[in-house]
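**Student:** following is a predicted model, sequence given first.
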There are 2 protein chains.
Amino acid sequence: MRRLSTQDQNFKQVFADLLAFETVNDPELLSTVDKIISDVRQFGDEHVLKLTQQFDRHPAHHFSELELTQEQLKAAFDHLDSDVRKALELAAQRIRTFHEAQKQDGWSYIDDLGNTLGQKVTPLDRVGIYVPGGLASYPSSVLMNAVPAHVAGVAEIIMVVPAPKGDLNPLVLAAAYLAGVSRVFTIGGAQAVAALAYGTQTIPRVDKITGPGNRFVAAAKRAVFGQCGIDMIAGPSEILVYAEGNNDPKWIAMDVLSQAEHDTVAQAILITPDEKFLEEVAQAIESHLAELPKAEIARTSIENRGALVLVKDRAEAIELINQVAPEHLELCLDDAQAMSEEIRHAGAIFMGRYTPEAIGDYCAGPNHVLPTSGTARFSSPLGVYDFQKRSSLIMCSQEGVKPLAKAADILAQEENLDAHARSARYRYK
Amino acid sequence: MRRLSTQDQNFKQVFADLLAFETVNDPELLSTVDKIISDVRQFGDEHVLKLTQQFDRHPAHHFSELELTQEQLKAAFDHLDSDVRKALELAAQRIRTFHEAQKQDGWSYIDDLGNTLGQKVTPLDRVGIYVPGGLASYPSSVLMNAVPAHVAGVAEIIMVVPAPKGDLNPLVLAAAYLAGVSRVFTIGGAQAVAALAYGTQTIPRVDKITGPGNRFVAAAKRAVFGQCGIDMIAGPSEILVYAEGNNDPKWIAMDVLSQAEHDTVAQAILITPDEKFLEEVAQAIESHLAELPKAEIARTSIENRGALVLVKDRAEAIELINQVAPEHLELCLDDAQAMSEEIRHAGAIFMGRYTPEAIGDYCAGPNHVLPTSGTARFSSPLGVYDFQKRSSLIMCSQEGVKPLAKAADILAQEENLDAHARSARYRYK
């Protein structure tokens, strides 16, 4: 695995190159996705069925076979092994508790002129959640998308999940049941995104689409943004671990690998001021790789995009972390909370030696849909706020409007908007 | 102006057609914009200068001439006419007060196992605000974009505003001074968006770009989304007025025209259950048009995209309003607050007979950058929350992690993520 030191002469450039990643700027990908969207808009159900047969080799003959019933979801839940069911219920309950704390309420105040000003908060009517299928079909993603929508008060949650050759992970369906999903369609890819964004004969048009997917899904989400809302453009998963003081290299090595096993382009970085520890982690990674079922994926990831970075001190580490704006940040040191105060950009911060990132993927409570590829500079974990929106409220009194109307009259004239000026003038003259 | 009634046989279709509008789906526009972005990424300052000379006929010979100094901004402010200055200061102060109420704080709690969970809220480091130039160069837009960023605690606010032939509205510069803008570049179009998103030799890369612009700007914002954040894809302005009971048709007509004068594709709709009043408004619109400087724009707008809609009752109006999800909604009736409770989707709601939309454009306090074209179904007014983002905080105790680690272990195995399972297992076994 690549060793870097901030003392290397070309460190800045090498580190910047390591971080560079663009998800959806391939012109061929974009034009393929544009064509799928335009065909789904034109032909609806029929085209979605055709592409599902073609790309997913789904055995359905009629579109109606692509919708699951609530009975099927409940049956999947009822057939769960008891340990798995308890774990899933614990996760759902903890995710719900954390997200309840995110719920926002409206407010209003009366100004010194007697005018009422405020903000109304309402849930979205209907949302679509995208759950990847096949190898990366994660029941945890169902909970992480559907529970916040449910907590926000979204009336209708439409889930799409591709079923390659018609196969589905029953745990995904059980999670949909547990999370209160309204309808499930076994479709995926850009065609599922297009169907949710524009609606078809059977699939209702949604107001927002959330959830991760492959690059077709990411490109399709960006293309439909504006027609409906989207959460973010998801890139490959990342972890940045800062370790200082008394850590077990085996633990830290496994934490690093837990992101590397996701994807060959996932990014796992360790930063430490301790050179000896850095080498111990490197060795532990090698021993773990000998045992891991997904060793091949993980090795490609750490060799191509991973790094073990030696820093002079904690201050230098903080600077690098804020530059990376990592999706997952582990701060493995004694005074992790103090260090977290210095972190300006990160999706989720895991503090202390007993908080592995994997806990956050399933059941800590916070969302595991997090901003990747440095987008934590400007975006947030998926949350209840993604399923709520605000409206401004303004109510002026007959007297209270006068000074405002006068100012609006003056400014509107400066902007050459005469109807604005006159509309305001009626209220004070 | 078009009259519709919900009793018309084909009302649903006609009304849906009237609302339909797509901003940025023209393939030629998209490819022009993609080329501009890729050239700005490659050639930086030099290309931005070239396009600014070409599109804006700007007389600058060197890129450095495209940056304004703080002294120039202050001078513009100092030279304001006293009435205008007072109006601008009133607006800035009221916008600041309202947006202060939007500021979000972090929170945390300790669960029953002794684990700490929370949410940290931080401002973005650096943002770009786009201010349209030329005819639509609005000082109010400077305040509406820069003040929330300032309130959020953004350290660096970069403003771009095109200066056709080198001309600038001094009030725009004065507003930039008043709002605390850090740097101003007199550039615009897709090239300004590209420069802000990727950075050039002179223009620093920003984390988010906000503010309205023409279709090139809208398309460029969508194209750079992911590289940086954006607020929304702005469409033409809209107003929907619901009038019931004792209203002055001249006032309501002027409110309708105040949006129509913005743009030939702006949309102004009146809904009322009072047929006589509807005709009075239609007549008042005609008389106003005879006097308005922007009568030509306003007439095109109301003839092509406007409507006077007769409804049976208030319930029917509420249904239509929620379908439209208007940018600006005026509720001109006695119990406007009661009616506003039933509105699920709107950018801003103006209540009562003394709250014309124009007040909201300048100085009521709430933001005038609002979701258009029905996007209030899933998005919010521009606000302080657009300039803040969240990070999840998780810190488990040595004992508290155990039940979570066990659940994560079980669920990770179900998802075939062995490194996740082992990473969790280390913490409880």
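**Tutor:** That came in fine, so what should we check first? Numbering: from 1, shown residues only, chains lettered A, B, ... in the order given.

**Student:** surely A:Phe11 is in contact with A:Ser5?
**Tutor:** Yes - in this structure, A:Phe11 is within contact of A:Ser5 by C-beta atoms under 8 Å, at 6.8 Å. C-beta coordinates here come from the backbone N, C-alpha and C atoms, glycine included.

**Student:** so what does the helix or strand hosting A:Tyr242 touch, helix or strand wise?
**Tutor:** Per DSSP states H and E: A:Tyr242 is located in strand A:238-243. The contact analysis (3 or more C-beta pairs under 8 Å, 6 or more residues apart in numbering or on different chains; DSSP states H and E) places strand A:238-243 against helix A:249-260, strand A:267-272, helix A:314-324, strand A:328-332.

**Student:** could you redo these as a markdown table and give each row mean neighbour count, distance to chain B and mean pLDDT?
**Tutor:** What follows is those, written out as a markdown table (neighbours: other C-beta atoms under 10 Å in any protein chain shown; distance: least, C-beta to the nearest C-beta, whole Å; pLDDT from 0 to 100):
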| stretch | mean neighbour count | distance to chain B | mean pLDDT |
| --- | --- | --- | --- |
| helix A:249-260 | 27 | 4 | 97 |
| strand A:267-272 | 27 | 10 | 98 |
| helix A:314-324 | 18 | 9 | 97 |
| strand A:328-332 | 27 | 8 | 98 |
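
**Student:** need those in TSV (columns: distance to B:Ile410).
**Tutor:** Formatted as TSV, the helices and strands packed on strand A:238-243 follow (distance: least, C-beta to C-beta, whole Å):
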stretch	distance to B:Ile410
helix A:249-260	15
strand A:267-272	24
helix A:314-324	31
strand A:328-332	21
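
**Student:** and A:Leu66, backbone torsions?
**Tutor:** Taking degrees, to the nearest 10, you get phi -90, psi 0 for the backbone angles of A:Leu66.

**Student:** and it, what does it touch?
**Tutor:** Counting by C-beta atoms under 8 Å, 6 or more residues apart in numbering or on different chains, A:Leu66 touches A:Val48, A:Leu49, A:Thr52, A:His58, A:Ala60, A:Phe185, A:Thr186, A:Ile187.

**Student:** list just the nearest of the residues you listed to chain B.
**Tutor:** The nearest member of the contacts of A:Leu66 to chain B, counting by C-beta to the nearest C-beta, is A:Thr186 at 18.7 Å.

**Student:** return the per-residue confidence for that closest one.
**Tutor:** With respect to pLDDT, A:Thr186 has a value of 96.

**Student:** and it, how far from A:Asn145?
**Tutor:** Distance of A:Thr186 to A:Asn145, computed by C-beta to C-beta, to the nearest Å: 16 Å.

**Student:** please apply the same query to A:Val127.
**Tutor:** From A:Val127 to A:Asn145 the distance is 9 Å (C-beta to C-beta).

**Student:** list residues touching both of those two?
**Tutor:** Joint contacts of A:Val127 and A:Asn145 (C-beta under 8 Å, 6+ apart) are A:Thr210.

**Student:** break chain A down into its structural domains.
**Tutor:** With domains defined by automatic domain parsing, chain A comprises A:3-21+A:235-364, A:27-104+A:127-230, A:396-425.

**Student:** just these: most buried one?
**Tutor:** Highest mean neighbour count of the domains of chain A: domain A:396-425, a mean of 23 (counted as mean count of other C-beta atoms under 10 Å in any protein chain shown).

**Student:** now do that domain, average pLDDT.
**Tutor:** Domain A:396-425 comes out at a mean pLDDT of 96.

**Student:** could you do stretch A:8-24 as well?
**Tutor:** Mean predicted confidence for stretch A:8-24 is 87.

**Student:** just stretch A:232-240 next, same as before
**Tutor:** Across stretch A:232-240, the average pLDDT comes to 88.

**Student:** go on, stretch A:291-305?
**Tutor:** 96.

**Student:** output that stretch as PDB, nothing but the C-alphas.
**Tutor:** What follows is stretch A:291-305 as a C-alpha-only set of coordinates in PDB (Å, rounded to 0.1, in the frame of the first residue of the first chain):
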ATOM      1  CA  GLU A 291      -8.500 -14.100   5.100                       C
ATOM      2  CA  LEU A 292     -11.100 -11.700   3.500                       C
ATOM      3  CA  PRO A 293     -13.600 -13.100   1.000                       C
ATOM      4  CA  LYS A 294     -13.500  -9.700  -0.900                       C
ATOM      5  CA  ALA A 295      -9.700  -9.500  -0.800                       C
ATOM      6  CA  GLU A 296      -9.400  -8.900  -4.500                       C
ATOM      7  CA  ILE A 297     -11.700  -5.900  -4.500                       C
ATOM      8  CA  ALA A 298     -10.100  -4.500  -1.400                       C
ATOM      9  CA  ARG A 299      -6.600  -5.000  -2.700                       C
ATOM     10  CA  THR A 300      -7.400  -3.200  -5.900                       C
ATOM     11  CA  SER A 301      -8.900  -0.300  -4.000                       C
ATOM     12  CA  ILE A 302      -6.100   0.200  -1.600                       C
ATOM     13  CA  GLU A 303      -3.400  -0.200  -4.200                       C
ATOM     14  CA  ASN A 304      -5.000   2.200  -6.700                       C
ATOM     15  CA  ARG A 305      -6.700   4.700  -4.400                       C
END
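
**Student:** contact partners of it?
**Tutor:** For stretch A:291-305, contacts defined as C-beta under 8 Å, 6+ apart pick out A:1-2, A:18, A:21, A:236, A:256-257, A:259-268, A:285, A:289, B:416-419, B:422.
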